[in-house]
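Peer 1: have a look; sequence and predicted model below, questions after that.
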Amino acid sequence: MCGIVGIVAKSNVNQELYDALTVLQHRGQDAAGIVTWSEGRLNQRKGNGLVKDVFRRRHMESLQGNVGIGHIRYPTAGGSSPALAQPFYVNSPYGISLAHNGNLTNTEELSRELFRSDLRHLNTNSDSEVILNIFAHELQCLGKLSPSAEDVFAAVSGVHKRCRGGYAVISLIANYGVVAFRDPHGIRPIVFGSRDGKKGKEYMVASESVALDVLGFKLERDIAPGEAIYIDLEGNFHSHQCAEAIVVSPCIFEHVYFSRPDSIMDGVSVYKTRLRQGEKLAEKVERLRPDHDIDVIIPIPDSSRIAAQLMAHNLDIKFREGLIKNRYIGRTFIMPGQSQRKKSVRQKLNAIGLEFSGKNVMLVDDSIVRGTTCKQIIQMARDAGAAKVYFASAAPPVRYPNVYGIDMPSADELIAHGKTEDEICELIGADWLVYQDLDDLIDSSSEGNPEITQFDCSVFDGNYITGDVDQEYLDQLARARSDANKSLNDDNEEDDAVIGLHNDGTD
Ligand code: AMP
């Protein structure tokens, strides 16, 4: 998962882009980048690390301009090389910089086409570079000296015709404006908002509404699946539906884990979905074990806290913060490689013995993915003296890889793949394991906006909405993105491979 942002304003946007990326930092901690446009130049700074580490004062000073885009990266493809930090850039036509969240499922085919038919060169194995070049090619084919809004939308239509997968994109066309678009299924989220500045209306586009809130922009709406919006440099707003077959199917895992709870996505409050997940879990516990002997409910910080609170309330069981998190350690799943992940769980969480000693505890997490964290936490609970350790997951078993931009690539790495719930319970060492039912998870989300009748639940049910995902593709993805391959890529890191921009890439 990545976070993207774009602002078209009437004064310098460097600080606001920085602030927005900081607000979206939970969506990726691997790399960050900003590109601004001023006086005919694109100015860029990008590199590996957290937003606060990538941008120094001198970088910020070089990022002049009233228009800009930004990206924070979480690696789904190709490891963590600095060359993969975004935005990406091509100089023809016009000079285009692009930030992307998601994953294309036909990257190989498109890469071949780009090379053989479109005569374009790809310098990385990132699908974001592919989508940038497809967009650039489609725009170039129109052969216009200055592209109009209609031309930009025609190019986006071309992207939708050629690209499959989940994608949310924000792109800056030098001298012209900022275009943002979303895949025809609306798998990845993207919203826009505006505010009345002293010199006129200003616009912001971002992965999550929380970034708009914090920067004082009013949320207008989500970009619709297949739609594109274009804001030219004068601040004129244009929008157009650029896709033909639209099947709205937003990623439900955004509600489970990725998004901040204070975000609204497709009209659905993420906070409320998590409350409802807790409500449904409580109902399931009552249904399965009306005479349960749970003494205390303890959330695994942080994403599960909201669901755990409501679960405890509805079951009339004590809710306690028994696990304390060291806030200065990153999200464990973002660290590549299983051994690093294992180590960091211990560094990250510590148990308050009093809350466990002699008690039957129900631990709650938002989901179980690889099973590494929960296994260790269950052991931690036992070491702290718990009599019995039960475990509830606010999401159903994650059994299938994600192909639309979430790092769950190889079925072998998922603890629930090909296993029954009893087998998983035994593997993680719990005395009882309760999983959310998929229908309940879907209800928790769709109650927020009944107009959405379908979500992308592929990690739970193996149904891939783009219709092009077969076993061969999954095998190839697993090879490319396995932990082993990631660490190989990380060992081969090279410096910034950016060509053609005013690039303050020095550290
Ligand atoms: P585990 O018990 O090791 O499966 O870790 C589960 C925790 O990691 C839960 O809090 C998950 O929400 C979180 N998580 C979310 N997305 C991922 C992911 N892509 N890979 C691994 N863990 C994830």
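Peer 2: Nice, thanks for sending it over. Keep in mind it's a predicted model, so treat the numbers as computed, not measured.
Peer 1: what about the helix ranked longest in the chain, distance to the chain center?
Peer 2: In the chain, taking DSSP state H as the definition, the longest helix is helix 270-288. Remark: helix 270-288 is offset 24 Å from the chain centroid, using CA atoms, centre = their mean, to the nearest Å.
Peer 1: what's that helix in contact with?
Peer 2: By CB atoms under 8 Å, 6 or more residues apart in numbering, the surrounding residues in contact with helix 270-288 are 254-256, 259-264, 292, 294, 303, 306-311, 313-315, 362, 364, 366, 392, 394-395, 434, 436-437, 440-441, 443-445, 447-448. No exception for glycine: its C-beta is placed from N, CA and C like everyone else's.
Peer 1: change it to 6 Å
Peer 2: 255, 259, 261, 263, 306-307, 310-311, 314-315, 392, 394, 436, 440, 444-445, 448 (CB atoms under 6 Å, 6 or more residues apart in numbering).
Peer 1: next step: these restricted to strands.
Peer 2: Counting by DSSP state E, the contacts of helix 270-288 place residue 392 in strands.
Peer 1: so what are the domain limits for the chain?
Peer 2: Using automatic domain parsing, the domain ranges for the chain come out as 3-249, 270-451.
Peer 1: would you mind measuring the gap between the ends of the longest one?
Peer 2: Right, domain 3-249. With CA to CA, to the nearest Å applied, domain 3-249 spans 19 Å between its terminal residues.
Peer 1: swap in the last one?
Peer 2: With CA to CA as the measure, the ends of domain 270-451 fall 16 Å from one another.
Peer 1: stretch 118-132 too?
Peer 2: Terminal-residue distance, stretch 118-132 (CA to CA): 13 Å.
Peer 1: check what pLDDT the residue lying closest to residue 376 once chain neighbours are set aside gets.
Peer 2: Counting by CB to CB, 6 or more residues apart in numbering, residue 345 is the residue found nearest to residue 376 once chain neighbours are left out, at 4.7 Å. pLDDT recorded at residue 345 is 77.
Peer 1: residue 345 is in contact with residue 375, isn't it?
Peer 2: No. Applying CB atoms under 6 Å as the test, residue 345 and residue 375 come out as separate, 9.0 Å apart.
Peer 1: measure the residue lying closest to residue 75 once chain neighbours are set aside to the ligand for me?
Peer 2: Counting by CB to CB, 6+ apart, residue 30 is the residue found nearest to residue 75 once chain neighbours are left out, at 5.1 Å. Residue 30 sits 13 Å away from the ligand, going by CB to the nearest ligand atom, to the nearest Å.
Peer 1: who touches residue 30 in this structure?
Peer 2: Residue 30 is in contact with 73, 74, 75, 80, counting by CB under 6 Å, 6+ apart.
Peer 1: out of the residues you listed, which sit inside strands?
Peer 2: Residues of those located in strands (DSSP E): residue 73.
Peer 1: which one of the contacts of residue 30 is nearest the ligand?
Peer 2: Nearest to the ligand out of the contacts of residue 30 is residue 74 (CB to the nearest ligand atom; 8.8 Å).
Peer 1: for the closest one, give its distance to residue 260.
Peer 2: Here residue 74 is placed at a distance of 14 Å from residue 260 (CB to CB, to the nearest Å).
Peer 1: could you do residue 218 as well?
Peer 2: Applying CB to CB, the value for residue 218 to residue 260 is 18 Å.
Peer 1: comparing these two, which residue is more hemmed in?
Peer 2: A direct count of neighbours by other CB atoms under 10 Å for residue 218 and residue 260 places residue 260 higher, at 17 against 12.
Peer 1: quick one: the closest residue to that one other than its chain neighbours from the ligand, how far?
Peer 2: Closest residue to residue 260 apart from its sequence neighbours, by CB to CB, 6+ apart: residue 210 at 4.8 Å. Using CB to the nearest ligand atom, residue 210 is found at 18 Å from the ligand.
Peer 1: over to residue 104?
Peer 2: Computed as CB to the nearest ligand atom, the residue 104 to the ligand distance reads 18 Å.
Peer 1: what sits against that residue?
Peer 2: Applying CB under 6 Å, 6+ apart to residue 104 gives the contacts 127, 163, 165.
Peer 1: about what we covered before: and the residue nearest to residue 260, its phi and psi?
Peer 2: The phi and psi values for residue 210, taken as degrees, to the nearest 10, are phi -60, psi -30.
Peer 1: tabulate the contacts of residue 104 (TSV), appending neighbour count.
Peer 2: Formatted as TSV, those follow (neighbours: other CB atoms under 10 Å):
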residue	neighbour count
127	26
163	23
165	25
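Peer 1: of those residues, which are in range of the ligand?
Peer 2: Residues of the contacts of residue 104 in contact with the ligand (CB under 6 Å from any ligand atom): none.
Peer 1: neighbours around residue 421, how many?
Peer 2: Residue 421: 14 neighbours (other CB under 10 Å).
Peer 1: got it, and residue 106?
Peer 2: 18.
Peer 1: not including adjacent chain positions, what is the nearest residue to it?
Peer 2: Of all residues not flanking residue 106 in the chain, residue 164 sits nearest, at 4.5 Å (CB to CB, 6+ apart).
Peer 1: residues contacting that neighbour?
Peer 2: 105, 106, 466, 468.
Peer 1: near the ligand, which residues of the stretch 251-400 of the chain?
Peer 2: Residues of the stretch 251-400 of the chain lying near the ligand by CB under 6 Å from any ligand atom: 257, 303, 333, 365-374.
Peer 1: run the last query once more with 8 Å
Peer 2: Selection of the stretch 251-400 of the chain residues close to the ligand by CB under 8 Å from any ligand atom yields 253, 256-258, 300, 303-304, 331-333, 341, 345, 365-375, 377, 395, 398.
Peer 1: which ones among the residues you listed map onto strands?
Peer 2: Using DSSP E, those in strands are residue 365.
Peer 1: filter the residues of the stretch 251-400 of the chain next to the ligand down to the buried ones and hand me the ChimeraX line.
Peer 2: Buried subset of these, written as a ChimeraX selection, criterion 16 or more other CB atoms under 10 Å:
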select :253,256,257,258,300,303,304,331,332,333,341,345,365,366,367,368,369,370,371,372,373,374,375,377,395,398
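Peer 1: so which of the residues of the stretch 251-400 of the chain next to the ligand sit within helices?
Peer 2: Those of these lying in helices (DSSP H): 253, 341, 345, 372, 373, 374, 375, 377.
Peer 1: which one of these is nearest to residue 323?
Peer 2: Taking CB to CB as the measure, residue 323 sits nearest to residue 377 out of these, at 6.9 Å.
Peer 1: and the closest one, what is it in contact with?
Peer 2: residue 300.
Peer 1: what's the nearest residue to residue 237 if we skip its chain neighbours?
Peer 2: residue 231 (5.5 Å).
Peer 1: in the sheet, who's paired with that neighbour?
Peer 2: On the basis of DSSP bridges, residue 231 is bridged to residue 178, residue 237.
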